[in-house]
Structure formats: C-alpha cells, structure tokens
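>>> Here is a sequence together with a model predicted from it:
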Amino acid sequence: MKLISVEELKALVQQSAGLCVSIYMPVAQGTEIQQNPIRFKNLIREAEDKIVEYGLEKKEAAELLEPVRAEIDRENFWETQSNLLAIFVGSGFFRYYSCPVNFKELVVVSDNFHVKPLMPLLTGNNLFYVLALSQKEVRLIECTAYSAGEVEVENLPKSLEEALQYDQTAKEGQFRIAMAKGGTNNSAQHPGSFHGQGSPDQDDVKQEILQYFHIIDGALHEYLRDKTAPLVLAGVEYLFPVYREANTYPHLVEAGITGNPKLLKPEELRAEAWPLVEPLFLQDQSEAIAQYRDLTGSDKISADLKEAVSAAYFGRVDRLFVALGVQQWGTFNPHTNAVQIHPDAEVGDEDLLNAAAIQTLLNGGTVYAMPPEKVPDAAPLAAIFRY
C-alpha cells in the first residue's frame, strides 16, 4: 500500500504535465471487494470521455490511461488498497496512492491535478516529525495522522561515532565542529559549526553527546527551515534534556517517546507520537478560526471566492479554510486577475477551491481542509490574508 508523502504532494501540485487527470475511487472491502474492478472501469470510461471533451482523440485518451489499466489489472491489486484510491495521470506521468480517508467518486480533467481531497492528510493541522535518537542511530520520520515515512536529511549523522569522527584526525582536534587547538584550555579554535558554544571535553560523555546533538540540530535547521510542524523526540529519557540544550527548532514538543527507538518502525513511532501532537493541532485550528472571527469587519479576511483565489495566487493568503466534498468550477487568469465562476464544470474549468488551496500551499500558507459546516462564515472557503 503506497501512502502519499508531503514531498510527493508538492511534486503533484507543481507538476506541469499539461492535461492532468485526477481520479478518486472509494475502495470496497470484505465481501464487496469484487465490485471494485467494475466501478474502476466505469471511472476510466468517464475519464476517457472527459479527456475527449478536453480536446484529445479517443485513441489518445485510451493510450494516456493505459498505464493505469495495466497497474490495476495486477493480481491481488485490490487486496492491498485502503479506503480511497487516488490516481493522477498526465503526459508521461502516472502516480497512484492508497489513502486511509473517505471521499466520494470523482473524476477531474484540468490543467492541474485535483489534490484537495488529500490535503487533510498532509497540510494544515496534521504534519509532524519524530526524531528518533540514540548514540548509534538517528532517524527523522515525517508523519501525518495517517502515515509515516523516514526522510533523508543532508548532513544528518548516522551515529555519534560518525558525527565526532573518531579517527586519528579527530583525536588531533580537527572535528567538524569547533575544537580547541592543543586542548580545552586553549582559546584558539578551528572553524566549525559549534558557533561559540565552547569546546566539549572528549572524555566527558555528556559533552560528547551534546556535541553530537549540536551537529544533528545543525542539519535539521536547514531541513526544517521555515517549517512550523511539531517535532517529537524519541529515545532514552536521559537524552532529552541534553538534546533540548542543543536544540534551536522552536516547535520541539515538550513531551517525548521514551525507550529504544531502534526497536520501533516509522508507523509505530507515529502511533506513539500522535497523542502528544493531536491536542496541538486541534488548538491550532481552533486558534485560526478564532483569529478569523476576531478580524470580522476588517480587510484582513474574506469569504469571497474571487478575492480569495486571486489572493492565494499572489501569495497574500496566510491561512485558508476550504470545504471538502465541494467543488466550485471556473477559471482564473493571473494575467488579468479575472475569475470566472460556472454553475457546472465546463471544458478547461478547474475547481477554484482546489486552485486556491494549491496556491496557498505553494506560497507557504496553511490550508485547513474541513467539512463544509466547519468553514467560517458558512462559505466554501475563507481566507486570512498576510496583508
């Protein structure tokens, strides 16, 4: 079962494949699993018809969707799927994801992939990280309420030994971080990344671990730059205060996961961390809604679709509340700043709610995808502006 990751979502919204086909199919389970192939064929037929309406020949439409048919015709394909199958196809591009959320059948053919149904998995109020720490291993796990996966971080050491470079060069004081020439009492230092914190004594285990954690924090500083997702520590408890001393990431969670993290898979770490971060997410969404209400009557908010779509494109939206299961079809021309809204989907239309969510995400804003009744002002979308 392939779950979508944050980086893959960003790749999707940035994919310039020309014609983009998005298919969402709820997957039947148990005794009704035999219905899936029939429902899938119906959705593929609908997708072909919409591709032809978009301007391609029927043969071209069939060829575009052939990789989808080939993949899903695999033996036991349906036994490995979760609640929802999300399929994305373009010229030379094909991805599909198994998603543990519920959503109705939907086929969209547009200039952009329709990703709004996936945003509750990845944006707004449920992205967080787990840093699994030990002296012999370091892992950063990117998590949502539904998924977890290890991510590669440039310059992140694999162990304390690697970080402190226990070789003859290191013994001479030439560590990657600042180490005094000739001993800890010598004020002359080699350049490095310790940045004035002093020179830990190699014989002091705690100072070596602190030095190790400074290196880890330095690597994470680059990866987590400008992010606001909570970071949860996992490791033996005595390491926590040492890491906090080295930490510079402002969103480190107070509580942690105690024990040997090497024994836990990413999904197990996610499950243990979720109760620690869920209250933070609920608080964040509640505070965002409260902020919107406090700004009532000002020009810092809007539930007007045309204004919000334009503002999202030009990077003005800081927080966007958008309704799930609702589409508002139309077009936006960034050159003229013109928004056209249509009661039903027309050729070349896109879901403007999806467009606003994509642009908000790409411009560093936060998207809260939620049931329609929870969106402020009972509108299909509502925005808080940066300016």
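Yep, it's here. Residues are numbered from 1 along each chain as shown.
>>> now stretch 257-276, how far from the centre of its chain.
Centroid separation for stretch 257-276 versus its chain: 19 Å, with CA atoms, centre = their mean, to the nearest Å.
>>> May I see the buried residues of that stretch?
Within stretch 257-276, the residues scored as buried using 16 or more other CB atoms under 10 Å are I257, P261, L264, P266, L269, R270, E272, A273, W274, L276. Yep, even glycine has a C-beta here, placed from its N, CA and C like the rest.
>>> Hmm, the second one is touching Q135, no?
In this case it means P261. No - in this structure P261 lies outside contact range of Q135 using CB atoms under 8 Å: 11.6 Å.
>>> secondary structure class for the closest residue to E137 other than its chain neighbours?
Excluding the flanking residues, the one nearest E137 by CB to CB, 6 or more residues apart in numbering is K262, at 5.5 Å. Using DSSP: H, G, I helix; E, B strand; the rest coil, the three-state assignment for K262 comes out as helix.
>>> which residues touch K262?
In this structure, K262 makes contact with A132, S134, K136, E137, judged by CB atoms under 8 Å, 6 or more residues apart in numbering.
>>> ok, and the most crowded of those residues?
Sorting the contacts of K262 by how many neighbours each has (other CB atoms under 10 Å) puts A132 first, at 21 neighbours.
>>> Count the residues that sit near S147.
Other residues near S147 come to 23 when the count uses other CB under 10 Å.
>>> meant to ask about N42, not that
A count of nearby residues for N42, using other CB under 10 Å, gives 13.
>>> The one 10 residues further on now?
Applying the criterion other CB under 10 Å, we find 16 residues in the vicinity of V52.
>>> Next up, the contacts around it.
Residues touching V52, when contacts are defined by CB under 8 Å, 6+ apart, comprise K58, A61.
>>> Can we start the residue count at 83 from this point?
Sure, I'll start counting at 83 from here, so that last one is V134.
>>> For it, identify the helix or strand it belongs to.
With elements taken from DSSP states H and E, the one containing V134 is helix 118-136.
>>> List the buried residues for the next helix or strand after that helix?
Under the assignment DSSP H and E, the closest C-terminal helix or strand after helix 118-136 is helix 140-154. For helix 140-154, burial by neighbour count (16+ other CB under 10 Å) applies to A143, L146, L147, V150, I154.
>>> re the thing from before, quick one: buried residues of the helix holding V134?
N118, F122, L125, I126, A129, E130, K132, I133, V134, Y136.
>>> State the distance from N208 to P108.
For N208, the distance to P108 under the criterion CB to CB, to the nearest Å works out to 21 Å.
>>> re earlier: ok, of the buried residues of helix 140-154, which one's closest to G174?
Checking the buried residues of helix 140-154 against G174 with CB to CB, the nearest one is L146 at 9.7 Å.
>>> Just to check, that closest one is in contact with F170?
No - the criterion here is CB under 8 Å, and L146 misses it with F170 at 11.9 Å.
>>> Find residues that contact each of these two.
Between them, L146 and F170 have V103 as joint contacts when contacts are counted by CB under 8 Å, 6+ apart.
>>> surely L125 meets E187?
Yes - with the criterion set as CB under 8 Å, L125 and E187 qualify as a contacting pair; they are 6.4 Å apart.
>>> which neighbours do the two share?
In the contact map built from CB under 8 Å, 6+ apart, the residues linked to both L125 and E187 are M107.
>>> Pull the distance from stretch 311-331 to the chain's centre.
The chain centroid and the centroid of stretch 311-331 are separated by 22 Å, computed with CA atoms, centre = their mean.
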